[in-house]
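Novice: Coordinates for the following, if possible.
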Amino acid sequence: MPVVLCAGNILVDILARPIAREVAWQATTWIDEIVQRVGGNAANSSVALAKVGIAVGILGAVGRDPFAEFALGYLSEAGVDCSLVERVALATGATSVLVREDGARALLHCPGASTVALEKGIAFPADATHLHLANPFSLRAFRGRAAETLRRARLAGLSTSLDTGHDALGEWMGVIGPCLPHLDVLLVNEDEARALTGLGAEDAAGRFLDEGARCVVVKLGADGCAVYGKERFRSAGFRVPVVDTTGAGDCFSGGFVARYVEGAPLEECALWGNALGALNVQAVGGTTGLRSRGEVEEWLKFAGR
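Specialist: Predicted structure coming up:
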């Protein structure tokens, strides 16, 4: 069975919804609900992988606080191996998420423990078969080690993938560029592709391929995704009601990687990425809408595109 290592941030999200208008300072806005969920790129993607039956271990850092217990408890219950998670003196990272009526979000993020996560690098367990970096930008102490880590993973016989995420520090291609020769799959959304290269999605994908990535997957939100490499195609998204887009891209990546490590054709990988993203936007939180493999297979029989 493939064993995926998923490295990145582990957070607790506090989501407030729905926000019907701009939030006013010095005033009170009444909303329907405020909920606490586990979030973070690595947490979301690892749960997506575990939900569809992939053996997955998460690497990251949390504090020694109630948020840490909440996050690790949820991940473990979902089937994610948390034995490699570091416990540090900083508070567990957290994000306040304001969710608009159409599912769009505004985020206030405190990285906390993630700022020192994996500062000593990653050692690969003997049973690991794939390394997925879920937003290396989110790990301030690790981002400079990302390329070398991917290189070592390849030498150790692991396949590799990376989901870019957003770079609050603005280093962008300085971090991702050196990673490209060591990547089997690069996952990126349209905004990230433009921030990395200054180019539109197709031209950006061409540059990523030229610089060494074997396959580039551009996430297109409700429109699905575009895959570039030896095969080039578009995979349409699913028509679903949108409640909250939190974690949709991470769940897409989890679905894509799940089928990729099982050796499925890229069209199948894209289908499952789109499916898990579409399922998750129908509920509040980064992974709340996810389902088991059997449930996803049943849903796909009737889902509209």
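
Novice: where's residue 37, which helix or strand?
Specialist: Using DSSP states H and E, residue 37 falls within strand 33-39.

Novice: so what strands line up beside that strand?
Specialist: strand 11-19 (antiparallel) (DSSP bridges).

Novice: Show residues contacting the partner strand.
Specialist: Residues outside strand 11-19 that contact it (Cβ atoms under 8 Å, 6 or more residues apart in numbering): 29, 31-40, 43, 67, 70-71, 92-101, 106, 109, 114, 243-244, 246, 284-286. Where you see a C-beta, it was placed from the backbone N, CA and C, and this is true even at glycine.

Novice: other SSEs contacting the one helix or strand residue 147 maps to?
Specialist: In the assignment (DSSP H and E), residue 147 maps to helix 146-155. Judged by 3 or more Cβ pairs under 8 Å, 6 or more residues apart in numbering; DSSP states H and E, the packing partners of helix 146-155 are strand 130-134, strand 159-163.

Novice: Please identify the deepest-packed of those.
Specialist: Across these, averaging neighbours per residue (mean count of other Cβ atoms under 10 Å) puts strand 130-134 on top, at a mean of 29.

Novice: List the neighbouring strands of it plus their orientation.
Specialist: When pairing is defined by DSSP bridges, strand 130-134 lines up against strand 3-8 (parallel), strand 159-163 (parallel).

Novice: roughly how far apart are residue 97 and residue 17?
Specialist: According to Cβ to Cβ, to the nearest Å, residue 97 stands 8 Å off from residue 17.

Novice: And residue 154, by the same measure?
Specialist: From residue 154 to residue 17 the distance is 42 Å (Cβ to Cβ).

Novice: Mind jotting down where the helices sit in this protein?
Specialist: Ranges of helices in the chain, per DSSP state H, are 41-51, 66-78, 146-155, 173-176, 190-197, 201-210, 248-261, 266-280, 293-300.

Novice: So which of these is the most surrounded?
Specialist: helix 41-51 comes out most buried of the helices of the chain by mean count of other Cβ under 10 Å, with a mean of 32.

Novice: Pull the distance from it to the chain's centre.
Specialist: 7 Å (Cα atoms, centre = their mean, to the nearest Å).

Novice: can you state the direction angle for that helix and helix 266-280?
Specialist: 110 degrees (axes from the mean of the first three to the mean of the last three Cα atoms, to 10 degrees).

Novice: Just the pLDDT for the residue lying closest to residue 296 once chain neighbours are set aside.
Specialist: Excluding the flanking residues, the one nearest residue 296 by Cβ to Cβ, 6 or more residues apart in numbering is residue 275, at 5.8 Å. As summarised for this prediction, residue 275 has a pLDDT of 98.

Novice: Against residue 300, how distant is residue 275?
Specialist: Relative to residue 300, residue 275 is positioned 6 Å away (Cβ to Cβ).

Novice: again with residue 179
Specialist: For residue 179 relative to residue 300 (Cβ to Cβ), the value is 32 Å.

Novice: tell me the contacts of the residue nearest to residue 296?
Specialist: 238, 255, 296, 299, 300, 303.

Novice: what's the answer for residue 8, then?
Specialist: Counted by Cβ under 8 Å, 6+ apart, residue 8 has contacts 40-43, 45, 59-60, 133-136, 138-139.
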